[in-house]
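Asks: How does the following fold in three dimensions:
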Amino acid sequence: MATDLLSLGREHLQSGRLEQAEQVFRQVLKGEPNDPTALTQLAQTLVAMGNASDAISYLEKARQINDSDLETLIHLAAALKILNRPDESITCYQQALRLQPDFAQLYLNLGDTLRARGKLDEALAIYQAALRRWPFLAWAHYGMAKVYESQRKLTDTLSCYQRAVQAWPLFAEAHREAGHLFRSCGQLQPALLAYRQAAQCKPDDADTLTQLGSIALHLSQLNDALANFQAALKARPDHAEAYHGLGMTYTVQGKVDEAEECFRKACELAPDFAVPRYNLGLALQSQGNLAEARDYLQQAVRLQPDDPVAHSSLISSMNCDPEVDNARLLNEHRRWAERHSPPASVWPVHENPPDPNRVLRVGYLSPDFRLHAVAYFMEPVLANHNRSRVESYCYADVAVPDTMTQHLQSRAHQWRQTVHMPHEALFNGIRQDRIDIFVDLCGHMGNNRLQVFARKPAPIQVSYLGYPATTGLPAIDYRLVDAVTDPPGEPAFHTEELVRLPDVFCCYLGPPHLPLETSPPLQRTGSVTFGSLHKLEKLNDRVMDLWCAVLKDEPSARFLVGRDTLQGKTNQRLLARFTERGIDASRIILRQANSFSFQHMQLYDEIDVSLDTFPWSGHTTACESLWMGVPVVTLLGQRCAGRMVASVLTCLGLRELIAETPEEYRRLAVKLARDLPRLANLRGRLRSMMVQSPLCDGPSFAKKIEDAYRWMWRRWCEQKSQPVPRAAPPSRPGGFWETWSSPE
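Replies: Next up, the predicted model:
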């Protein structure tokens, strides 16, 4: 009878009918309370039901009855492992292995448990012992790979993964883990091949499909990315990472509503997943939904406080907030540095030859060496650097190079493509290049490399152009500004030492091929058109209040807003912000415009007066507006971000367009709108005024910036001649790709 019941219980267990199996085994034990088989089978059932703690007592009892029963030992070891009692589990596996030394799975179980316990050398020995018996045991090679990976021996790791798939070509997990390894090294093509092999072995594996989509997205293969993320979601509809990747793909495609929906779904599916919250915050910010954007960015930082990317995005967004004062902004930048950068004691010792008059190696790092605002301000610098004074090195973190990338490469003396390169490899490359002055052109903007700058790869480091605030990093010594953006004598809300360039802090390369409409639209339409082509995140409530006040003062005026994100719900939200302030929607013109094709600049043919934003002014937007003959009214801010347009206007001799207060801004805008002769005069003269000013004088500006570099360098040489003892050990610069994460 008991034998029949045991057979029935096993049948229920193997078929997944766990409650029935439990009832049968308990019935057996009522009649035979010391039946070791029933005790073990009941324990196995309880473990399958998620009740490992109760299973232990039955297994221990069975073990007391027969301490050499292999099945009991194996199940006891597994239950102890589930209950996080690894040392006892290891003892059981070792005893089982002594009983059955030819049982391959025992080697794997013991090795995996030792590895999870952190006993890596012992785990390695067990896997090696298994391979001496069974050289083609794929899972043993896989286990060794995981040990080597924990030890950061990545060449050995890769070799073991390769041996695992040689032993079992359909080993999807090994292919996938090899893909992870290659990707961690920035080697995307080998990673792509490994993931494709994994997908061939297991076509419906959502994790592998998501990785394929992610790499395709990085390589700008958007159709492949879309197909892989959608396939992953078909295989597993609750896959948060696939929803996030799909949202990123839609973001690149400019489908803002679809992206937002995907990010929200990822957040819903994974409440502790920080990354989609960060990207949802950025998506909402790009639509001008500032309050909700800030909430999601803060959530991301709370969930993952060690993520420097989310923290940088939160800090960058604070520059748009008129409620954030200078002291709070500085404190948050300092907090970033404290949390995400190493102490000065681990900076390397720099052995650059301290000759004050030699040619300087100046490195520029940016993800924006492409059709981007930064490129139009850096081109005149790179094009006019004097080789007898400066040798320029450009570190291009550009994911998708374009025609501007090629042009800038022809202007630079040395060019390094660094996208996807791990921070450590990039740090080593800069050290190997013996850079004297290393310039960050990104700050806390997207795709920054502040963690590389934080390690101080060069003796002098400078923040410039791409970010209008302090970095907060002690490792960055100087920030290039001018006397308008940062007037002398003001309180210091920055960690860098300010170096003020003469005249203006930047040099603009205006696209000369764009035709210029020399008559104001007012002459054609009969009513003035104000305009803004700013990022929508700069349109905070105070900006909207002031713009609508201007429109109320000029009842016949219209307002044109142009941006690539203007579509769908974004348009509805923006129109609602105007109508809520009493401006009829018929007076608002919304245009979706692609900045990469200069389509957006043609919109200035329809604008009479550009209105600037605050507290983060539109520096690039102002230069483009002026280049197209459209004057800009700006409000002088309380920090650099709010003074960049004032600096440009001052350089052009147009200080009368700079307001000191919101009331003056309102009066200036209306006064200019009503002065048709003035608008017509400016329309025809602004481009030539720019060309003839220091703002567009590339050779002169390059010399000014070289003079600043020389001053910094001579100062460092003087300090080098009087060395201060330091605790940091000498650092040998490695090869450009030498890093723990780069297997041979």
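Asks: Identify the spatial nearest neighbour of residue 505, chain neighbours not counted.
Replies: When the adjacent residues along the chain are set aside, residue 505 lies closest to residue 482, with 4.1 Å between them (CB to CB, 6 or more residues apart in numbering). C-beta here means a position set from N, CA and C on the backbone, and glycine is covered the same way.
Asks: Which pLDDT value goes with that neighbour?
Replies: pLDDT for residue 482: 98.
Asks: and what of residue 16?
Replies: Taking residue 16 on its own, its pLDDT is 88.
Asks: Okay, it and residue 428: tell me how far apart.
Replies: Using CB to CB, to the nearest Å, residue 16 is found at 54 Å from residue 428.
Asks: And residue 195, by the same measure?
Replies: Where residue 428 is concerned, residue 195 sits at a distance of 27 Å (CB to CB).
Asks: Mind checking which of residue 16 and residue 428 has more residues around it?
Replies: residue 428 (23 against 9; other CB atoms under 10 Å).
Asks: contacting residues around the residue nearest to residue 505?
Replies: 500, 501, 502, 503, 504, 505, 647 (CB atoms under 8 Å, 6 or more residues apart in numbering).
Asks: One more: residue 601?
Replies: Here residue 601 is in contact with 511, 514, 624, 627, 628 (criterion: CB under 8 Å, 6+ apart).
Asks: Give me the number of neighbouring residues for the spatially closest residue to the fourth one that is not a sequence neighbour.
Replies: In this case it means residue 627. With sequence-adjacent residues excluded and distances taken as CB to CB, 6+ apart, residue 627 is closest to residue 510, at 4.2 Å. For residue 510, the count of nearby residues is 18 (other CB under 10 Å).
Asks: same thing with residue 23?
Replies: Count around residue 23 with other CB under 10 Å applied: 13.
Asks: Give the next helix or strand downstream of the helix or strand in which it is found.
Replies: Under the criterion of DSSP states H and E, residue 23 resides in helix 18-31. The C-terminal neighbour of helix 18-31 among helices and strands, as given by DSSP H and E, is helix 36-48.
Asks: Report the mean per-residue pLDDT for that following helix.
Replies: 83.
Asks: Low-confidence stretches in the chain?
Replies: The model of the chain has pLDDT under 70 over residues 1-2, 595-597, 723-744.
Asks: Domain map for it?
Replies: 344-507+698-720, 522-696 (automatic domain parsing).
Asks: okay, the ones you listed in JSON lines with distance to residue 33 next?
Replies: JSON lines is the format used below for the domains of the chain (distance: least, CB to CB, whole Å):
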{"stretch": "domain 344-507+698-720", "distance to residue 33": "61"}
{"stretch": "domain 522-696", "distance to residue 33": "68"}
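Asks: Residue 51: which of these is closest?
Replies: Nearest to residue 51, of all those, is domain 344-507+698-720, at 44.3 Å by CB to CB.
Asks: who touches residue 654 in this structure?
Replies: Contacts of residue 654 by CB under 8 Å, 6+ apart are residue 631.
Asks: Look up phi and psi at it.
Replies: phi -120, psi 40 (degrees, to the nearest 10).
Asks: how much space between it and residue 486?
Replies: Distance of residue 654 to residue 486, computed by CB to CB: 20 Å.
Asks: Can you tell me the number of residues neighbouring the closest residue to residue 638 other than its chain neighbours?
Replies: Closest residue to residue 638 apart from its sequence neighbours, by CB to CB, 6+ apart: residue 326 at 6.4 Å. A count of nearby residues for residue 326, using other CB under 10 Å, gives 18.
Asks: What are the boundaries of the helices in the stretch 551-700 of the chain?
Replies: Along the stretch 551-700 of the chain, the segments classed as helices by DSSP state H, counting those that start in this stretch run 568-579, 619-627, 644-651, 662-673, 676-691, 698-720.
Asks: Then the stretch 401-550 of the chain?
Replies: 403-411, 423-432, 450-453, 522-525, 541-553.
Asks: Please work out which of the ones you listed is packed deepest.
Replies: Highest mean neighbour count of these: helix 450-453, a mean of 24 (counted as mean count of other CB atoms under 10 Å).
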